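Novice: What follows is a predicted structure for the sequence shown.
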Amino acid sequence: MTPKRRIGEARTQNEHSAEAAIRSVPGWQGREDDIVYRMMVGGLNNHNWHISVAGDPRSYFLKIPGAGTEIFINRATSYEAAVFAHGVGIAPEVIFHDPASGTEVHEFLEGHTTCTTADFMRPEVRDQVIRLFRTLHSGPVLSEVKTIFDLIDEHLQQAAELGSSMPEDLPWLLYHYEKIRAAFSASGMDLVTCYNDPMPGNFLFSPSGELKLIDYEFASANERSYDIGVFACEMFLEEDETDALIETYFGQVTPQMQARVALCRILADLKWGSWAVVNRRLSDWDFDFQKYGLWKYMRGRALISDPRFDRWLRLA
């Protein structure tokens, strides 16, 4: 457990930043003596804090954007998505958003437990995830259209500008990437509000076992099947398990959706592989971004080499 501090007790630069952010929240101004804060562990993009306010039955989650994250994250879009998600009951309330700095305060979900990859080995939990996505997808499309192809293109440009270390067979990967782009362009993109970042720590179990979805930083208007594909990718799901996700979402499994989801699994690995090698040049976090990125490329390469790849292109 990290130490608790009161306003004025900051000892590190991060704690000074937290106190400055706390003082900027309108509802907390003049109440500095009532506030206790502590740093929360985890998170690769931001510095996160737990906030308690004397006399307030709720506690709060304070997010201070990490340096350089603006090249990946549109904070206005993140805020738009989080507000909608709370409105449909799948996310905590957004208490405060500073459009200038990107600082946010959310309701802290007391009594909730963070999911791990092992939780998603249970079919009933995976079904809950897909229903969360379907609820998110059902709302108005976000203002920012940023498809999975836009995301990958952006990371590739960033990697070139930063001199990131890329795999030797990048031209081969990009050749097949363009084939996937052409397949989706031919059939048309089905744009909805997508979550795009189904890491286990972004799902929380309530005391009654219901799931909530937090952290909408990577949300955008994107291809509907991508949320299914990236989730199946991140959770290492087998094909029958992935088909079950498709059936839960659509009510049936079709060859076209199987193909689109399979191709989205490849796109997910190319996206997060590229994101990671860019982060390797930007971040001082104690995390091996380069190794993570090269592993992602390796898994994407394996799916591209699947003998059904050309069939997926035709069906998508």
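Specialist: Sure thing, it's come through.

Novice: and the residue nearest to residue 71 when sequence neighbours are not counted, what does it touch?
Specialist: Nearest non-adjacent residue to residue 71, counting by Cβ to Cβ, 6 or more residues apart in numbering: residue 158, 6.3 Å away. Where you see a C-beta, it was placed from the backbone N, CA and C, and this is true even at glycine. By Cβ atoms under 8 Å, 6 or more residues apart in numbering, the contact list for residue 158 reads 71, 164, 278.

Novice: give me that answer again for 10 Å
Specialist: Residues in contact with residue 158 (Cβ atoms under 10 Å, 6 or more residues apart in numbering) are 71, 72, 164, 274, 275, 277, 278, 279, 281, 282.

Novice: Looking at the residues you listed, which is nearest residue 188?
Specialist: Set against residue 188, the nearest of the contacts of residue 158 by Cβ to Cβ is residue 274 (24.6 Å).

Novice: Hmm, that closest one is touching residue 148, no?
Specialist: No - judged on Cβ atoms under 10 Å, residue 274 makes no contact with residue 148 at a distance of 11.2 Å.

Novice: Flag the shaky bits of the stretch 151-300 of the chain, pLDDT-wise.
Specialist: When residues are selected by pLDDT under 70, those of the stretch 151-300 of the chain lie in 283-286.

Novice: where do the helices sit along the stretch 101-250 of the chain?
Specialist: With DSSP state H, counting those that start in this stretch, the ranges of helices along the stretch 101-250 of the chain come out as 123-137, 148-162, 170-187, 224-234, 239-250.

Novice: Which of these sits closest to residue 8?
Specialist: Closest approach to residue 8 among those is made by helix 148-162 (39.2 Å; Cβ to Cβ).

Novice: Check which residues of that closest one are buried.
Specialist: Under the neighbour-count criterion of 16 or more other Cβ atoms under 10 Å, helix 148-162 has 148, 149, 151, 152, 154, 155, 156, 158, 159 buried.

Novice: Over to stretch 274-287?
Specialist: Across stretch 274-287, burial judged by 16+ other Cβ under 10 Å covers 274, 275, 276, 277, 278, 279, 280, 281, 282, 283.

Novice: Equivalent analysis for stretch 301-316, please.
Specialist: Going by neighbour count (16+ other Cβ under 10 Å), the buried part of stretch 301-316 is 301, 303, 304, 309, 312, 313, 315, 316.

Novice: So residue 17 sits against residue 10, correct?
Specialist: Yes - assessed by Cβ under 10 Å, residue 17 is found in contact with residue 10 at 8.5 Å.

Novice: For stretch 128-146, give the mean pLDDT please.
Specialist: Averaged across stretch 128-146, the pLDDT comes to 96.

Novice: Please spell out which residues along it are buried.
Specialist: 128, 129, 130, 132, 133, 134, 136, 137, 142, 144, 146.

Novice: Could you do stretch 8-20 as well?
Specialist: Of the residues in stretch 8-20, 10, 15, 18, 19 count as buried by neighbour count, 16+ other Cβ under 10 Å.

Novice: Can you list which of these are found in helices?
Specialist: If you go by DSSP state H, the buried residues of stretch 8-20 have 15, 18, 19 in helices.

Novice: where does the last one land on pLDDT?
Specialist: According to the predicted model, the pLDDT of residue 19 comes to 96.

Novice: residues contacting it?
Specialist: Contacts here follow Cβ under 10 Å, 6+ apart; on that basis residue 19 touches 5, 6, 7, 8, 9, 10, 32, 35, 37, 49.

Novice: Could you look up the SS state of the closest residue to the first one other than its chain neighbours?
Specialist: The shortest distance from residue 5 to any non-neighbouring residue, by Cβ to Cβ, 6+ apart, is to residue 37 (5.6 Å). Assigned state for residue 37: strand (three-state reduction, DSSP: H, G, I helix; E, B strand; the rest coil).

Novice: right, and residue 37 touches residue 17 too?
Specialist: No - shown here, residue 37 and residue 17 do not form a contact pair, counting by Cβ under 10 Å, at 11.1 Å.

Novice: shared neighbours of the two, which are they?
Specialist: Listed as contacting both residue 37 and residue 17 by Cβ under 10 Å, 6+ apart are 10, 49.

Novice: Columns distance to residue 26 on top of the buried residues of stretch 274-287, output as TSV?
Specialist: Below are these laid out as TSV (distance: Cβ to Cβ, whole Å):
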residue	distance to residue 26
274	39
275	34
276	37
277	40
278	35
279	33
280	38
281	37
282	32
283	32
